[in-house]
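Asker: Below is the sequence, then the predicted model.
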Amino acid sequence: MRPNIVGLCVLGLFTSLAASATDVSFRDWYPEYGLIFQHTLEQHCSADTSEFMKANMASAAVLLGIMPFALSVLGSSSEESALLYVIARRPLLTTLLLAGAPVVVALRPFEYKDPVGILRAREGRFYSFHIRRSWVILVLEYIVALASVANVVHVTYGLGVGVTTMILPDSSYLPGVWAGTGIAVHIIGALCLKSRLRLLTPKGEPLLQSELTLSADKNITVETVPETKQFLALSWLTSTSTTFHVIFGTLAFSSMQFASVRDTFGIIGRYTASVTVCRVVLMYELSGLRTAVDSISVVPSPGDDGQDPVDGLKAGPRVFTFAP
């Protein structure tokens, strides 16, 4: 159950969702103007809607257009999700959290943070606490993640059958494509991080056991390796993909018609709820991961003598220890 396999399964779910939405377009509408649209479609197809309704739908399109960027501010970055994918080795939970919050945070090219920098950024902040009945937290995490996925699938399906996008009027799959490609971007980020490190401990732990263990209950030692051409390529692809995903979402959602401002508030609110609760779960796991990582050893690059720039001493691989 590698990250890419789990992610592909979820991508298949959104693809099926988009395909099924195409078959029932213009049969269901959002509630505020739904009766008017249905009456117009059945009785007076040639009659136009009122100017007020058109202005209202234009305002709704503006709100939907800024939604992808606004959600990216609330969501988790591909660097953070990669830690849960690769170091914590919880691909199923991570994929569910990403499916429940299919947004990305725009990254600058070639500025992909290393694991040391990300884990250090958590220093001095909240730490997960150990409890005897960890299965309670595990169950709650999966319940929250599955509920968020169900919410996103339902609202995305509703957009597919209840609106039309002016850039592709005959299609109903753009909302599903936006949600699915968001997961794909995070998977690329996980592959990028995987090319930069090796897990020294635990070795030989079954993936299912790792999946069903809280990050706070793990004991992990990580070794980072020098940057390679593969890492640089994946890093550039990840950062570029995040930007294009936000642009694509803005273009797709801003061209949607047949939803009112009131309907749009419900759409944005439901996406925001899923993104927020998934962010809380991911941050809880990352706080536990910091206590679980005993140390990160850094393998010097070829030609690097291991000299410490502070005291001028030479040493072997540098080791960063993280103690709560």
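Answerer: Perfect, thanks for sending it.
Asker: Which parts of this structure are strands?
Answerer: Along the chain, the segments classed as strands by DSSP state E run 164-165, 197-201, 220-224, 256-257, 293-298, 318-321.
Asker: helices or strands up against the helix ranked longest in the chain?
Answerer: Residue-count comparison of every helix in the chain, with assignments taken from DSSP state H, identifies helix 261-292 as the longest. The contact analysis (3 or more CB pairs under 8 Å, 6 or more residues apart in numbering; DSSP states H and E) places helix 261-292 against helix 31-42, helix 51-74, helix 78-82, helix 91-100, helix 134-162. C-betas here are computed from N, CA, C, even on glycine.
Asker: Switch these over to a markdown table; also include distance to Arg196 and mean pLDDT.
Answerer: What follows is the helices and strands packed on helix 261-292, written out as a markdown table (distance: least, CB to CB, whole Å; pLDDT from 0 to 100):
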| stretch | distance to Arg196 | mean pLDDT |
| --- | --- | --- |
| helix 31-42 | 49 | 56 |
| helix 51-74 | 24 | 88 |
| helix 78-82 | 10 | 90 |
| helix 91-100 | 18 | 94 |
| helix 134-162 | 26 | 92 |
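Asker: Quick one: closest of those helices to Glu205.
Answerer: Closest approach to Glu205 among the helices and strands packed on helix 261-292 is made by helix 91-100 (13.5 Å; CB to CB).
Asker: about what we covered before: format the helices and strands packed on helix 261-292 as a markdown table; extra columns: distance to Phe231 and mean neighbour count.
Answerer: Output for the helices and strands packed on helix 261-292, formatted as a markdown table (distance: least, CB to CB, whole Å; neighbours: other CB atoms under 10 Å):
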| stretch | distance to Phe231 | mean neighbour count |
| --- | --- | --- |
| helix 31-42 | 49 | 14 |
| helix 51-74 | 24 | 16 |
| helix 78-82 | 12 | 25 |
| helix 91-100 | 20 | 27 |
| helix 134-162 | 29 | 18 |
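Asker: So for Pro109, which of those helices sits nearest?
Answerer: Comparing those by CB to CB, helix 78-82 comes nearest, at 13.2 Å.
Asker: residues in contact with the closest one?
Answerer: Residues lying outside helix 78-82 but in contact with it, judged by CB atoms under 8 Å, 6 or more residues apart in numbering, are 94, 97-98, 104-105, 107, 112-113, 118, 185-186, 188-190, 192-194, 238, 242, 282, 286.
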